[in-house]
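Trainee: Next comes the sequence, and after it the predicted model I'd like to discuss.
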Amino acid sequence: MALSACLLALTACVPSNSLPLTTPTSLPPTAAPALPASTPLPTRPSYAPGELVDYTAQDGDTLPALAARFNTTMDEIFAANPIIPRDATTMPPGLPMKIPIYYRALWGSSFQPLPDHAFVNGPALIGFNTTAFVNARDGWLKTYRTYAGGEWRTGPQLVDYIATNFSVSPRLLLALLEYQGGALSQSKPPVSKYLLGYKKVYYESPYLQLVWAANTLNNGYYGWREGNLLEFELTDGTLTRPDPWQNAASVALQYYFSHIYAGQQFLSATGPDGLLRTYTELFGDPWAVQFELIPGSLKQPDLLLPFPPGRPWSYTGGPHTGWGTGLPFVAVDFAPPSEFSGCFKVEPEQFSVAMADGLVVRSSIDGLALDLDKDGDERTGWVIYYLHLAQEGRAPLGKELRAGDPIGYPSCQGGHVTGTHVHIARKYNGEWILADSPLAFNMEGWIAHSGSVAYQGTLTRGNATVTACECGDAGTAIKAGPP
């Protein structure tokens, strides 16, 4: 529904390399690498309704998501943990908590194969050189070439390209390529043209298989983050519900492998002898590194609306994905006023602006990244991501901007769009930050709220509400500046 709406909308946007996320009905279970059987993991008891259980807060935990996972309510969590303030955003990692639990059947494994800092393309990746790492191995990936994003890329360059756009760790992508396709150890790729098991027409290349993988991983990771991905089916129709104590990265791997495996294959891939073993052999034990990805009580810095004050722009897209298809719902869209519909060149005064002081650390057809801590690295601290800025007039790489400075012109460039607009999203330490969450997208006091599907939703400030619509009519207009 969201995809069809986007294709028909006047100012909708779908970033490059978008694809469906449903498992094809023709997809049979593929053979997992031969690995020894894992020791059975303990299962959860049938807790009494409302029984208090011990829980230690993990990176990025929020109370709405915890309430959903444990099948309880925020009020009950507050009552059991009076130390937590009512306006809490993110929980401090390591905080001991008591959570009232209401048992659900079919909870999955409690084993955690991957920490969150090893999932996102964040600070833990600083110093890692994908090309050097791949070229030091004997596998087929170093000789692979493909055309992606408007240019020819080597295998490791492709991994970095996808890792940057989806903000998924290149180490994780390499581990998947090795685990499923021997990319770092075998001289030739597997005979199957569906390298990672996604059997769909037009996805026969390693490039598009990896795009599907990154997109599916993000859907699992952020589905757990927001508390909505509480169950899914394996390829044989078996229903599984992630263990409430799980972390986002581990659920993302379970969700990913649920699209291609079932039974023992699924248990092996998500257990100690599966992907984790491959990852550890390549990069060392990811759990040996202690890293706080999302700190407790994280606050968003003050942000402007992405257009000049006094000029009414239209709110054309409520929360939707930052890149790809499906989750995470992190981005919103704005379009300048015009007598024309569809794609048009805007007037010189209708430029988009820097939403805060920052340094341009990426500027290309695939988006512009404004680094607010100005350390020159998109993977650290707060970053504002812009998409669909025209090449002409777009702030160049290395440009330092003040809040309100011109950053580029909205356009139809970059991805698949049906109307001129600008798409904006937030990241912190490489993690996309959900637009509608305890850490809501706040632009000059305008707060983003999701609708029932992607691109719907509202902006509210005080008693004022603006509802997103691709139509760009007067009811969607909003002005930057004080109330």
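Mentor: Perfect, I can see it now.
Trainee: who's in contact with Val422?
Mentor: Counting by CB atoms under 8 Å, 6 or more residues apart in numbering, Val422 touches 306-307, 333-335, 352, 386-389, 408, 410. To be clear about C-beta, it is placed using only N, CA and C from the backbone, and glycine gets the same treatment.
Trainee: Which members of these are positioned in strands?
Mentor: 333-335, 352, 386-387, 408 (DSSP state E).
Trainee: circling back: of the contacts of Val422, just say which sits nearest to Ile83.
Mentor: Nearest to Ile83 among the contacts of Val422: Pro306, at 37.5 Å, using CB to CB.
Trainee: Turn the ones in strands among the contacts of Val422 into a markdown table, including neighbour count, pLDDT and distance to Gly122.
Mentor: Shown next, in a markdown table, are those (neighbours: other CB atoms under 10 Å; pLDDT from 0 to 100; distance: CB to CB, whole Å):
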| residue | neighbour count | pLDDT | distance to Gly122 |
| --- | --- | --- | --- |
| Asp333 | 29 | 97 | 25 |
| Phe334 | 26 | 97 | 27 |
| Ala335 | 24 | 95 | 31 |
| Ser352 | 30 | 98 | 26 |
| Tyr386 | 27 | 98 | 20 |
| Leu387 | 27 | 98 | 20 |
| Gly408 | 24 | 98 | 25 |
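Trainee: tell me which of those is nearest to Arg171?
Mentor: Nearest member of the ones in strands among the contacts of Val422 to Arg171, counting by CB to CB, is Leu387, at 25.3 Å.
Trainee: can you tell me how far the closest residue to Ile365 other than its chain neighbours sits from Leu368?
Mentor: Take Ile365 and drop its neighbours on the chain: the residue closest to it by CB to CB, 6 or more residues apart in numbering is Gly414, 5.0 Å away. As judged by CB to CB, to the nearest Å, Gly414 and Leu368 stand 9 Å apart.
Trainee: cool, Ala448 as well?
Mentor: For Ala448, the distance to Leu368 - CB to CB - is 20 Å.
Trainee: Which of these two has more residues huddled nearby?
Mentor: Leu368 (28 against 24; other CB atoms under 10 Å).
Trainee: could you say what helices and strands the helix or strand hosting the more buried one packs with?
Mentor: Using DSSP states H and E, Leu368 sits within strand 367-371. For strand 367-371, the packing partners by 3 or more CB pairs under 8 Å, 6 or more residues apart in numbering; DSSP states H and E come out as strand 358-364, strand 382-387, strand 406-408.
Trainee: Take these and write them to JSON lines, including distance to Pro286.
Mentor: Output for these, formatted as JSON lines (distance: least, CB to CB, whole Å):
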{"stretch": "strand 358-364", "distance to Pro286": "26"}
{"stretch": "strand 382-387", "distance to Pro286": "23"}
{"stretch": "strand 406-408", "distance to Pro286": "36"}
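Trainee: quick one: which of these is nearest Gly324?
Mentor: Of all the helices and strands packed on strand 367-371, strand 382-387 comes closest under CB to CB, at 11.6 Å.
Trainee: Could you identify the helix or strand that succeeds the closest one?
Mentor: strand 400-401.
Trainee: contacts for that following strand?
Mentor: Under the criterion CB under 8 Å, 6+ apart, residues 354, 357-360, 370, 374, 395, 407 lie in contact with strand 400-401.
Trainee: Could you list the domains of this structure?
Mentor: Using automatic domain parsing, the domains assigned to the chain come out as 2-13+297-479, 31-38+113-288, 51-101.
Trainee: Now do the same for Lys479: its pLDDT.
Mentor: According to the prediction, Lys479 has pLDDT 92.
Trainee: starting at the chain centroid, how far to the top strand by length along the chain?
Mentor: In the chain, with assignment by DSSP E, the single longest strand is strand 312-321. Relative to its chain's centre, strand 312-321 lies at 19 Å (CA atoms, centre = their mean, to the nearest Å).
Trainee: cool, stretch 100-114 as well?
Mentor: 23 Å.
Trainee: Report the beta-bridge partners for the closest residue in space to Arg394 that isn't next to it in sequence.
Mentor: Among residues not flanking Arg394 along the chain, Gly408 sits closest, at 3.9 Å (CB to CB, 6+ apart). Here Gly408 sits in beta bridges with Ser352, as judged by DSSP bridges.
Trainee: wait, Gly408 sits on Leu389?
Mentor: Yes - between Gly408 and Leu389 there is a contact under CB atoms under 8 Å: 3.4 Å.
Trainee: so what sits against both of the two?
Mentor: What both Gly408 and Leu389 touch, as defined by CB under 8 Å, 6+ apart, is the set 352, 368, 422.
Trainee: ok, which stretches of this structure are helices?
Mentor: Secondary structure of the chain, counting by DSSP state H: helices at 2-8, 63-69, 74-80, 130-135, 155-166, 170-181, 206-226, 248-258, 263-270, 275-283.
Trainee: For the shortest one, give me every contacting residue.
Mentor: Helix 130-135 is contacted by residues 141-142, 154-157, 159-160, 163, 170, 174, 184 when judged by CB under 8 Å, 6+ apart.
Trainee: re earlier: how many residues are close by the residue nearest to Ile365?
Mentor: 21.
Trainee: do Gly358 as well
Mentor: If you count neighbours by other CB under 10 Å, Gly358 ends up with 26.
Trainee: again, but for Leu177
Mentor: 27.
Trainee: Run through the residues that contact it.
Mentor: 141, 159, 183-184, 195-196, 206, 210.
Trainee: Check Pro337 too.
Mentor: Counted by CB under 8 Å, 6+ apart, Pro337 has contacts 311-314, 350, 477.
Trainee: Try it again at 6 Å.
Mentor: Residues in contact with Pro337 (CB atoms under 6 Å, 6 or more residues apart in numbering): none are found.
Trainee: Out of the helices and strands packed on strand 367-371, which one sits most buried?
Mentor: strand 382-387 (a mean of 24; mean count of other CB atoms under 10 Å).
Trainee: Pairing partners for that one, with directions?
Mentor: Checking strand 382-387 against DSSP bridges gives partners strand 367-371 (antiparallel), strand 422-428 (antiparallel).
Trainee: of all the ones you listed, which gets the most neighbours per residue?
Mentor: Most buried of those, by mean neighbour count (mean count of other CB under 10 Å): strand 422-428, with a mean of 26.
Trainee: Run through this protein and note the low-pLDDT ranges.
Mentor: Applying pLDDT under 70 to the chain picks out residues 1-42.
Trainee: The same query, at a cut-off of 80, please.
Mentor: Residues of the chain meeting the criterion pLDDT under 80: 1-43, 339, 472, 483.
Trainee: Tell me who's in contact with the residue nearest to Gly376 when sequence neighbours are not counted.
Mentor: Nearest residue to Gly376 in three dimensions, chain neighbours excluded: Val361, at 5.9 Å (CB to CB, 6+ apart). By CB under 6 Å, 6+ apart, the residues touching Val361 are 369, 371, 376, 378.
Trainee: Having no further points to raise, I will conclude here.
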